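# My questions are about this predicted structure, shown below with the sequence.
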Amino acid sequence: MKPRNIRCMKFFLALFNIVFILFGLVIMAICVINMRERKAGQSALSRGVLSFLFTLGLGLLITAILGCVGALRENIKILYVYACFLIFLVSVEVVVGVGGAVLSAWVGGGELRVQFYRNSTEDGQQPQVFWDNLQSENQCCGVDGPQDYEIVHRDIPPSCCAKAHPLREGGARRHLHATCLADKSYYTHGCEEVLRQKKALKGNIFISNGVIFTLLEIVCIVLALWMAKSVRNERRKLQQNLQAHFES
């Protein structure tokens, strides 16, 4: 009968790698869906990001299958290969995660402001439709606040008013819009601040999940190396016992 520590390591390695397999399949499915949406112009993710995520999911899937096979068969070589693959994946994830965070902090900010002032000088409905949707969905007004419209000599649009924007063009909408402007009941928060807060929240969730997942991968690396060493020692002891038995 196998020692209890080897059986426990086998169980947890198999369990964690099943989770990795499911996670890899989910990542690949999301990438495929976003690639189809990107062809239709509905996905915000670039082709390079989707390709990287798909490759990462595929690599995680293959590595997890190796881990399951190595753990269930107690194959020392496969366990070492699995640990090496997992170390490589963890290194790539850490480098890309840190690089993405630094790049986002370095590049982020200023785009919304430039777009607002550029669109304020352009004619046409497309820029206004974008800002109407942005302000209505996020309950914000302008970049820093409703005072931005005064700077560009424009009236505060109905999309900054909670009651006026959902209505169709007509007398009721104009009346609610005028009442909103008179009572100053329009949104007072700027869209840049609101979007920054939402981005920070999403970033914190992403970082927390990434840290937990990375720690889980590190635990699997330790388990794989420990199990390979334990199996090797157990087989060595068994061989020595058999050799001593035949010699006696």
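Structure's in. What do you need?

# Please name the nearest non-neighbouring residue to Ala71.
Distances taken as Cβ to Cβ, 6 or more residues apart in numbering place Leu13 nearest to Ala71, at 3.8 Å, with adjacent residues excluded. C-beta here means a position set from N, CA and C on the backbone, and glycine is covered the same way.

# Just the buried residues of the host helix or strand of the one you found, please?
In this structure, Leu13 is located in helix 4-39 according to DSSP states H and E. Residues of helix 4-39 classed as buried by neighbour count (16 or more other Cβ atoms under 10 Å): 6, 9-10, 13-14, 16-17, 20-21, 23-24, 27-28, 31, 34.

# In those residues, find the pair that's most separated.
The most widely separated members of those are Ile6 and Asn34, with 41.8 Å between them, by Cβ to Cβ.

# Give me the contact list for the helix or strand bottoming out on mean pLDDT in the chain.
Ranked by mean pLDDT, DSSP states H and E, the helix or strand of the chain with the weakest confidence is helix 111-119, at a mean of 74. Counting by Cβ atoms under 8 Å, 6 or more residues apart in numbering, helix 111-119 makes contact with 127-128, 130-131, 142-143, 148, 152, 191-192, 195, all of which sit outside it.

# Would you reformat these as CSV and include pLDDT?
Formatted as CSV, the entries for the contacts of helix 111-119 read as follows, by pLDDT from 0 to 100:
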residue, pLDDT
Pro127, 65
Gln128, 73
Phe130, 80
Trp131, 85
Gly142, 88
Val143, 90
Asp148, 89
Val152, 84
Cys191, 90
Glu192, 88
Leu195, 85
